[in-house]
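Student: Have a look at this fold, sequence not included:
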DNA sequence: GTAGGGTTAG
């Protein structure tokens, strides 16, 4: 009888709905067989596989006789329900109530909970118990130890355990590879992969996506190409969404398009992860139109899809569209998350919708129970600053429940300059001086603020501090993407083979700009030097070189796409507005914090960044 | 005496 029921239960476990299992449970109860170990244990696991954690827990509680299998089942059930802390808190009862000792299955489940909780200390304790137990040679538990140490960031301990595994399977190898890759230890990660006899898509995915997580985009992409050459079949779209993420981070539009083609070729265009990655990739590669198309083609949209396009539109200065899409999203019944609100408040700051932004901030807390983080406060602050509500901004800065860094104060300082709030500017500047300044552009702001109030002693103090702290500007560079080719330019006179053509073009443009009223703003130059020399510095800024090169070599009439590592300098921003209207071309610059679409003499950022 | 439970990438 038991065997027959167990067979049926096993079938239920593979079924996609829980009702056959529940019916059998009722049947078992009627027969009074629920006391027999294997039957309730199987039921616990069926319930948990169908997400019915309450039923699983209830059954576990009611069991008169529990054994280690019951314990392994309930711990796994909590882990599966994303409640690893429940596993940890219930576990001591295994000794206290049931007088049982954990076996290797229980250890593996516990380690899984520790990994999910990032609880290294606890994990080490479980490790110690495991070593002292009768199961200390179990390889699978050792694999979960490797995984736990990796997830807690203790990669070297993970490696030590990994080396003691007698029969390594694909799971142990993959865990170790992903550990090295996610902590950016590329060489070691690759070495482990090379040691594997049978490499799978899994192991390559761990390597490539781990490296992408740790910011090693280019190495990851090279390895992805190598994987394809090795003939590994991409039977699962996971790695493709990772690679799309890398393209997005590198703003590599052509690469992203190629991966998009691969997605279509392999038939993964309906995978939600892939669709969301495509929306984000196109937006970050500054092709917001393609991002909108990708969004439209996403059949089953989730919060991430909506949020990706809302944030994308907001960053590209299309605030109205972003806010309109939010209304559509709410109509579909989806709940926005923290990231959605960052995009929305950011959008408001672009069009000066102070009240809408403030309402959204309130709605996030009151209607959706979300906790505003530093990013939300920074966006709100931006909204106040750029709309000229500087008292509100200063008040918010002084009352918000977060430690505020230099960049945030600096942005308020720059708003003070813009709106001519000299007194507040000095107050903020003094604050910044007390905070300690590292960013060279902050020094410029400080020096300008004091100079504007004729506080020459303080100007001298800032200069002196700059020398003492030996401020070095991170070298600025700009890349211009022309089809499959990319050129990189650093600030300063270039040694590029086309240097002369570029100089002539920039000089011609300079002449035309001056006719149209351009006056170089040398206040953006950090170094102490004469006016002419400062203008010369500006002339060779990397974003101008990139644009000049794009104009000379790009397809006539096409959009010029530039990616800069730092923020666009204020003077260059003015210059690019002139250039786009002189040459009648659209120029898109992605800088360290946002996108600038220069078109018809205007920029999508409305001159605030 | 047997079943039943564990580990990998967003």
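Tutor: Perfect, thanks for sending it. Bear in mind the structure is a predicted one, so any value in this text is a computation, not a measurement.
Student: and the closest residue to residue A:325 other than its chain neighbours, how far is that from DNA strand B?
Tutor: In space, and not counting its chain neighbours, residue A:325 is closest to residue A:310: 5.6 Å by CB to CB, 6 or more residues apart in numbering. Just so you know, the C-beta spots here come from the backbone N, C-alpha and C atoms, and that holds for glycine as well. Between residue A:310 and DNA strand B the computed distance is 19 Å (CB to the nearest atom of the strand, to the nearest Å).
Student: same check, this time on residue A:171
Tutor: According to CB to the nearest atom of the strand, residue A:171 and DNA strand B sit 4 Å apart.
Student: likewise residue A:68?
Tutor: In this view, residue A:68 and DNA strand B are 4 Å apart by CB to the nearest atom of the strand.
Student: what's the answer for residue A:48, then?
Tutor: 8 Å.
Student: and what of residue A:507?
Tutor: Residue A:507 is 48 Å from DNA strand B, by CB to the nearest atom of the strand.
Student: before we move on, what about residue A:505?
Tutor: 43 Å.
Student: Tell me if that residue really is in a strand.
Tutor: No: read with DSSP: H, G, I helix; E, B strand; the rest coil, residue A:505 is helix and lies in no strand.
Student: How about the residues of the stretch 251-400 of chain A by DNA strand B?
Tutor: Residues of the stretch 251-400 of chain A found near DNA strand B (CB under 7 Å from any atom of the strand) are A:271, A:273.
Student: Kindly report the same for the stretch 101-250 of chain A.
Tutor: A:103-109, A:112, A:115, A:135, A:138, A:140-141, A:143-144, A:147, A:151, A:169-172, A:174-175, A:178, A:182, A:201-202, A:205-206, A:209-210, A:213, A:236-238, A:241-242.
Student: run the last query once more with 6 Å
Tutor: A:103-106, A:108-109, A:112, A:138, A:140-141, A:143-144, A:147, A:170-172, A:174-175, A:178, A:202, A:205-206, A:209-210, A:213, A:236-238, A:241 (CB under 6 Å from any atom of the strand).
Student: Residues touching the helix or strand hosting the residue nearest to residue A:325, excluding its own?
Tutor: Residue A:310 belongs to helix A:303-315 when assigned by DSSP states H and E. By CB atoms under 8 Å, 6 or more residues apart in numbering, the surrounding residues in contact with helix A:303-315 are A:272, A:275-276, A:279-280, A:282-284, A:288, A:291-292, A:295, A:298, A:319, A:321-322, A:325-326, A:329, A:334-337, A:339-340, A:342-344, A:346-347, A:350, A:594-595.
Student: Okay, buried residues for the following helix or strand past it please.
Tutor: Sequence-wise, the next helix or strand downstream of helix A:303-315 (DSSP H and E) is helix A:319-331. Judged by neighbour count (16 or more other CB atoms under 10 Å), helix A:319-331 contains these buried residues: A:319, A:321, A:322, A:323, A:325, A:326, A:329.
Student: Tell me how far the closest residue to residue A:159 other than its chain neighbours lies from residue A:128.
Tutor: Among residues not flanking residue A:159 along the chain, residue A:176 sits closest, at 6.8 Å (CB to CB, 6+ apart). Distance of residue A:176 to residue A:128, given as CB to CB, to the nearest Å: 21 Å.
Student: try residue A:576
Tutor: From residue A:576 to residue A:128 the distance is 62 Å (CB to CB).
Student: More neighbours: the two, which one.
Tutor: Taking neighbours as other CB atoms under 10 Å, residue A:576 and residue A:128 compare with residue A:576 leading, 22 against 10.
Student: my guess is the more buried one is in a strand, correct?
Tutor: No: counting by three-state DSSP, residue A:576 is not part of a strand but helix.
Student: For the closest residue to it other than its chain neighbours, name its beta-bridge partners.
Tutor: Leaving aside its chain neighbours, residue A:576 sits nearest to residue A:598 (4.8 Å; criterion: CB to CB, 6+ apart). Judged by DSSP bridges, the bridge partners of residue A:598 are residue A:587, residue A:603.
Student: List the contacts of residue A:598.
Tutor: Here residue A:598 is in contact with A:576, A:577, A:579, A:580, A:586, A:587, A:588, A:589, A:604 (CB under 8 Å, 6+ apart).
Student: Confidence-wise, which of the residues you listed comes last?
Tutor: Among these, residue A:604 carries the lowest pLDDT, at 88.
Student: didn't that residue look like it was pressed against residue A:318?
Tutor: Yes: with contact defined as CB atoms under 8 Å, residue A:604 counts as touching residue A:318 (7.5 Å).
Student: More neighbours: the two, which one.
Tutor: residue A:318 (22 against 18).
Student: Report the contact partners of the more buried one.
Tutor: Shown in contact with residue A:318 (CB under 8 Å, 6+ apart): A:288, A:347, A:604.
Student: neighbours around residue A:478, how many?
Tutor: Applying other CB under 10 Å, we find 28 residues neighbouring residue A:478.
Student: contacting residues around residue A:101?
Tutor: Residues near residue A:101 by CB under 8 Å, 6+ apart: A:68, A:94, A:95, A:133.
Student: Oh, that last question was meant for residue A:460, not what I typed.
Tutor: By CB under 8 Å, 6+ apart, residue A:460 has no neighbours at all.
Student: Okay, it and residue A:540: tell me how far apart.
Tutor: As for residue A:460, its distance to residue A:540 is 29 Å (criterion: CB to CB).
Student: Buried residues, stretch A:342-359. List them.
Tutor: A:342-354, A:356-358.
Student: what pLDDT, on average, does it get?
Tutor: Stretch A:342-359 comes out at a mean pLDDT of 92.
Student: Figure out how far that stretch is from the centre of its chain.
Tutor: Distance of stretch A:342-359 from the chain centroid (CA atoms, centre = their mean, to the nearest Å) equals 22 Å.
Student: can you redo the contacts of residue A:318 as JSON lines with distance to residue A:372?
Tutor: Shown next, in JSON lines, are the contacts of residue A:318 (distance: CB to CB, whole Å):
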{"residue": "A:288", "distance to residue A:372": "27"}
{"residue": "A:347", "distance to residue A:372": "16"}
{"residue": "A:604", "distance to residue A:372": "26"}
